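Enquirer: Sharing a model prediction with you, sequence too.
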Amino acid sequence: MSKNIFVYCEITEEGHVADVSLELCSKGNKLAKELGVDINAIAIGDKLDNIADEVSAFGVSKLYLAEDKKLFPYLNMPHSNIVSKILQEQKADIVLFGATSIGRDLAPRVASTLKCGLTADCTSLEIGDHYVKKTDTTYKNLLYQIRPAFGGNIIATIINPDMHPQMATVREGVMKLEPLKKKVKPEVIKIDVNKYVSKSDFAISIIDRKIEAQKVNIKGAQIIVAGGYGVGSKENFSLLKQLADLLGGEVGASRAAVDSGFVDHERQIGQTGVTVRPKLYIACGISGAVQHTAGMDQSAQIISINNDSEAPISKIADYNIVGSINEVIPKMIKYYRQNSK
Ligand SMILES: Cc1cc2nc3c(=O)[nH]c(=O)nc-3n(C[C@H](O)[C@H](O)[C@H](O)COP(=O)(O)OP(=O)(O)OC[C@H]3O[C@@H](n4cnc5c(N)ncnc54)[C@H](O)[C@@H]3O)c2cc1C
């Protein structure tokens, strides 16, 4: 079995490679080095002139471009046929997709066409061996697809010994974006789109598109003031908003706070929300359940404000302030204002 790694490079509305795809190129590059193989990328769209340049700092050696007006915006049938055929032709061994709405639609279609497995929402990817006692077989250099399972109570390592390619989706922010110091332009392979798709792939056409502007940018925030069930009410969240505004940050939330109607779902951080890595994460009235910490434990500095000194979050926080948010946050606002004049 030849070993090579592919990353599906999702193209944004503005015609750039999506951040999650570049993060996967970074991760794929590390895995490729470990295996001593190449990392390749596939991009599909209508204007792909800049893509080779954009991936050049991420160690991609071959870039397969399917460029055609009719391939933008995303349509599941032609895209999955193009990706599946390239992977088949190139005997791909590992394939990584962003766990975006496009990746979540595309990857299962490709997995179904190629009759292989797919692990969704991986939180870590590693290379390792697997020994099967029954058959006395050792499978070398498999992709360990690691993710929380059973409601986050266990961390499962999933492998596909036989059915390759091994495929995984990963959410934005989970892998680090690590551009290489030296840029190297990949070899560009332009594919003849008409050979990869048929008329019937375009059975569905897009009549109209309405794109709602993104309201919050939690992922891009360097400072996040996140509130949990302990914040107590929607009104109390305005305290967090004041602190976040003062610090130039964003308000985030735990699922319990979202489920209680204190704040919108788009601010939820964790396993079923967004994954963040800010410079500063202030967790207010958040206990630190594994499903929450999975989305924020890579923050550079964590401050917890909690009236329970034993709350699990205290174990990962750099600073623990024991007290009620109603007392602590107004003081933080007051002293920050005083000291930053
Ligand atoms: C499949 C699955 C997916 C999930 N996905 C997510 C997810 O994406 N994100 C997420 O967050 N959760 C998720 N959860 C839920 C998770 O298990 C927890 O239930 C949730 O994170 C708890 O939120 P919390 O810490 O705000 O609330 P609690 O656990 O109730 O904690 C409240 C904390 O506030 C403290 N407190 C109370 N009053 C005050 C006060 N006045 N001042 C200071 N502190 C106070 C308490 O001491 C306590 O530590 C998921 C669960 C499952 C099963």
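Expert: Right, received. Where do you want to start?
Enquirer: Spell out which residues of this structure are next to the ligand.
Expert: 151-152, 228-230, 254-257, 268-273, 285-287, 289, 291-292, 295, 305-308, 311, 324-326 (Cβ under 6 Å from any ligand atom). Backbone N, C-alpha and C define where each C-beta goes, glycine included.
Enquirer: Filter those residues down to just the buried residues.
Expert: 152, 228-230, 254-257, 268-271, 273, 285-287, 289, 291-292, 295, 305-306, 311, 325 (16 or more other Cβ atoms under 10 Å).
Enquirer: among the residues of the chain next to the ligand, which are in helices?
Expert: Among the residues of the chain next to the ligand, DSSP state H puts 255-257, 291-292, 325-326 in helices.
Enquirer: Between which two of the residues you listed is the distance greatest?
Expert: The most widely separated members of those are Q291 and N326, with 25.8 Å between them, by Cβ to Cβ.
Enquirer: Grab the nearest non-local neighbour of P278.
Expert: Counting by Cβ to Cβ, 6 or more residues apart in numbering, I224 is the residue found nearest to P278 once chain neighbours are left out, at 4.8 Å.
Enquirer: looking at this, the one you found is in a strand?
Expert: Yes: assigned with DSSP: H, G, I helix; E, B strand; the rest coil, I224 falls within a strand.
Enquirer: who touches it in this structure?
Expert: By Cβ atoms under 8 Å, 6 or more residues apart in numbering, I224 lies in contact with 218, 244, 249-252, 269, 276, 278, 280-282, 296, 299.
Enquirer: one more time with 7 Å
Expert: I224 makes contacts with 218, 249-250, 252, 276, 278, 281, as judged by Cβ atoms under 7 Å, 6 or more residues apart in numbering.
Enquirer: now the residues you listed in CSV, with neighbour count?
Expert: Listed next are those as CSV, based on neighbours: other Cβ atoms under 10 Å:
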residue, neighbour count
I218, 24
G249, 23
E250, 22
G252, 33
V276, 24
P278, 24
Y281, 28
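Enquirer: Output those as JSON lines; include the columns secondary structure and pLDDT.
Expert: Shown next, in JSON lines, are these (DSSP: H, G, I helix; E, B strand; the rest coil; pLDDT from 0 to 100):
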{"residue": "I218", "secondary structure": "coil", "pLDDT": "93"}
{"residue": "G249", "secondary structure": "coil", "pLDDT": "96"}
{"residue": "E250", "secondary structure": "strand", "pLDDT": "97"}
{"residue": "G252", "secondary structure": "strand", "pLDDT": "98"}
{"residue": "V276", "secondary structure": "coil", "pLDDT": "94"}
{"residue": "P278", "secondary structure": "coil", "pLDDT": "96"}
{"residue": "Y281", "secondary structure": "strand", "pLDDT": "98"}
